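Novice: A structural model of the following input is requested.
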Amino acid sequence: MLVAERDLEYLDGVHAPLGPVLEEMLKTGRSEGVPIVNPAAGRLLRVLVTALAPKRVLEIGTAIGFSTLWMASALPAGGRIDTIDPDRTRTDRARRYWLRAGVTDRVRVINEPALRVLPRLAPGIEFAFIDALKPEYAAYLDALLPKMAPGGMITVDNVLWSGRIAAGEHDENTDALRAFNETFLHHEQLEATVLPVGDGFGIGVVRPHG
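Specialist: Just a heads-up that it's a prediction; the model follows:
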């Protein structure tokens, strides 16, 4: 059964309100064209982080901190998010939102390109979220897997890319995401699937070694 637009509207309405800070971030992101997750993907991130209670979370792609806040609000005591984004202008804005939401102490920003940061991170990451440069998704995954804890979860946004992948369109981002999906869903180190949530939400659990 296809999910109708009215079903999505119903789900938006039946969930609890976003709250003032998330609501403002959503409006800002949409009005300025800042890449932020769909609220449905944000809710899923919050539920997954609540369920897994990870102490170490890694986010690749901060923007104005919308997805960061969804995850930070669900962290257990002592949990922390390292979020990577080289754009200081955006992450400075993100910090102001996090301060208002009361989660600043749970977030550490790393203002460097992710592919430079990932190799030097300590292993043991329990939850990761990828939402940055689409042509680099496969490289993020390769660099991230050795740093993940067994049983850890890797989540990914934009893997349906507004229908462009299924429609057979070709450009740098679409082709990169199409290839990434093939790798992600068939990777020997992952038990993975993609949910039609938001713009397509990938979930992969890292298989125990051996």
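
Novice: and after the helix or strand where residue 24 lies, which helix or strand comes next?
Specialist: Applying DSSP states H and E as the criterion places residue 24 in helix 20-32. Downstream of helix 20-32, the first helix or strand assigned by DSSP H and E is helix 39-52.

Novice: Please save the CA atoms from that next one in CSV.
Specialist: Coordinates of the C-alpha atoms in helix 39-52 are reproduced here as CSV (Å, rounded to 0.1, in the frame of the first residue of the first chain):
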residue,chain,number,x,y,z
PRO,A,39,11.1,16.0,11.1
ALA,A,40,10.1,12.4,10.6
ALA,A,41,13.8,11.5,10.3
GLY,A,42,14.5,13.6,13.4
ARG,A,43,11.9,11.7,15.4
LEU,A,44,13.3,8.4,14.2
LEU,A,45,16.8,9.5,15.3
ARG,A,46,15.5,10.4,18.7
VAL,A,47,13.7,7.0,19.1
LEU,A,48,16.8,5.1,18.0
VAL,A,49,19.1,7.0,20.4
THR,A,50,16.6,6.5,23.2
ALA,A,51,16.5,2.8,22.5
LEU,A,52,20.2,2.2,22.2
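
Novice: Tell me where this structure has strands.
Specialist: 56-60, 80-84, 107-110, 125-130, 148-157, 190-195, 201-206 (DSSP state E).

Novice: Please work out the average pLDDT along the helix holding residue 24.
Specialist: Taken as a whole, helix 20-32 has a mean pLDDT of 94.

Novice: now the angle between helix 39-52 and it, please.
Specialist: Between helix 20-32 and helix 39-52, the angle comes out at 140 degrees (axes from the mean of the first three to the mean of the last three C-alpha atoms, to 10 degrees).

Novice: Pull the contacting residues for the residue nearest to the spatial centre of the chain.
Specialist: Centroid-nearest residue in the chain: residue 129, 3.5 Å away (criterion: C-alpha atoms, centre = their mean). By C-beta atoms under 8 Å, 6 or more residues apart in numbering, the contact set of residue 129 is 45, 57-61, 67, 71, 154-157. For glycine as for every other residue, the C-beta is placed from the backbone atoms N, C-alpha and C.

Novice: could I get the residues you listed as JSON lines with neighbour count and distance to residue 5?
Specialist: Formatted as JSON lines, the contacts of residue 129 follow (neighbours: other C-beta atoms under 10 Å; distance: C-beta to C-beta, whole Å):
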{"residue": "45", "neighbour count": "28", "distance to residue 5": "23"}
{"residue": "57", "neighbour count": "27", "distance to residue 5": "33"}
{"residue": "58", "neighbour count": "27", "distance to residue 5": "34"}
{"residue": "59", "neighbour count": "28", "distance to residue 5": "30"}
{"residue": "60", "neighbour count": "26", "distance to residue 5": "31"}
{"residue": "61", "neighbour count": "24", "distance to residue 5": "28"}
{"residue": "67", "neighbour count": "27", "distance to residue 5": "24"}
{"residue": "71", "neighbour count": "26", "distance to residue 5": "28"}
{"residue": "154", "neighbour count": "25", "distance to residue 5": "30"}
{"residue": "155", "neighbour count": "22", "distance to residue 5": "25"}
{"residue": "156", "neighbour count": "24", "distance to residue 5": "24"}
{"residue": "157", "neighbour count": "26", "distance to residue 5": "21"}
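
Novice: Alright, calling it a day.
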